[in-house]
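Trainee: here is a sequence together with a model predicted from it:
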Amino acid sequence: MKINRFEEIIAWQKARELVLDCYETFNSCRDFSFCDQLKRAVVSIMNNIAEGFERKSNKEFKQFLFISKGSCGEVRSMLDLAISLNYITEEKFDKLSEQSTEISKILSGFIKTL
């Protein structure tokens, strides 16, 4: 199956959902530096997928997918900190962490196909 636009990539779609969920979850967080770092990391997931796709080279695309995968790890690390600081509930942590892990697995599979 040929992908014509990065918006068709399932990992990008799921990353976009994660961005919206994180923004909603941390909307009222008063720790601005923490929230800024988390938001930059989560947005980096979807943006690196998009940027890599637009490079039109599988080698470069893979490189950007690896960066996206790294950002998934950063998000999970920040979520771990968020639960330790009581910024989020255990339920919210589980949901966001699962989303990030799922995206990371999809990216791994995508990298292997390239």
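Mentor: Cool, got the structure.
Trainee: wait, what's in contact with R40?
Mentor: When contacts are counted by Cβ atoms under 8 Å, 6 or more residues apart in numbering, R40 is found next to no other residue. Every residue, glycine included, has its C-beta placed from N, CA and C.
Trainee: for V42, what are its contacts?
Mentor: With Cβ under 8 Å, 6+ apart as the criterion, the residues that contact V42 are 15, 18-19, 22, 71, 75.
Trainee: name the next helix or strand downstream of the strand or helix carrying L79, please.
Mentor: Assigned by DSSP states H and E, L79 belongs to helix 58-84. Toward the C-terminus, helix 58-84 is succeeded by helix 90-113 as the next helix or strand (DSSP H and E).
Trainee: CA atoms only: put that next one into PDB for me.
Mentor: What follows is helix 90-113 as a C-alpha-only set of coordinates in PDB (Å, rounded to 0.1, in the frame of the first residue of the first chain):
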ATOM      1  CA  GLU A  90      -3.100   6.400  38.000                       C
ATOM      2  CA  GLU A  91      -5.900   5.900  35.500                       C
ATOM      3  CA  LYS A  92      -4.800   8.800  33.300                       C
ATOM      4  CA  PHE A  93      -1.200   7.600  33.600                       C
ATOM      5  CA  ASP A  94      -2.100   4.100  32.400                       C
ATOM      6  CA  LYS A  95      -4.100   5.500  29.400                       C
ATOM      7  CA  LEU A  96      -1.400   7.900  28.200                       C
ATOM      8  CA  SER A  97       1.400   5.500  28.800                       C
ATOM      9  CA  GLU A  98      -0.400   2.800  26.900                       C
ATOM     10  CA  GLN A  99      -1.000   5.100  24.000                       C
ATOM     11  CA  SER A 100       2.700   6.100  23.900                       C
ATOM     12  CA  THR A 101       3.800   2.400  24.000                       C
ATOM     13  CA  GLU A 102       1.400   1.500  21.200                       C
ATOM     14  CA  ILE A 103       2.800   4.300  19.000                       C
ATOM     15  CA  SER A 104       6.300   3.200  19.800                       C
ATOM     16  CA  LYS A 105       5.500  -0.400  18.700                       C
ATOM     17  CA  ILE A 106       3.800   0.800  15.500                       C
ATOM     18  CA  LEU A 107       6.900   2.900  14.700                       C
ATOM     19  CA  SER A 108       9.200  -0.100  15.300                       C
ATOM     20  CA  GLY A 109       7.200  -2.200  12.800                       C
ATOM     21  CA  PHE A 110       7.200   0.700  10.300                       C
ATOM     22  CA  ILE A 111      11.000   1.100  10.700                       C
ATOM     23  CA  LYS A 112      11.400  -2.600   9.900                       C
ATOM     24  CA  THR A 113       9.300  -2.400   6.700                       C
END
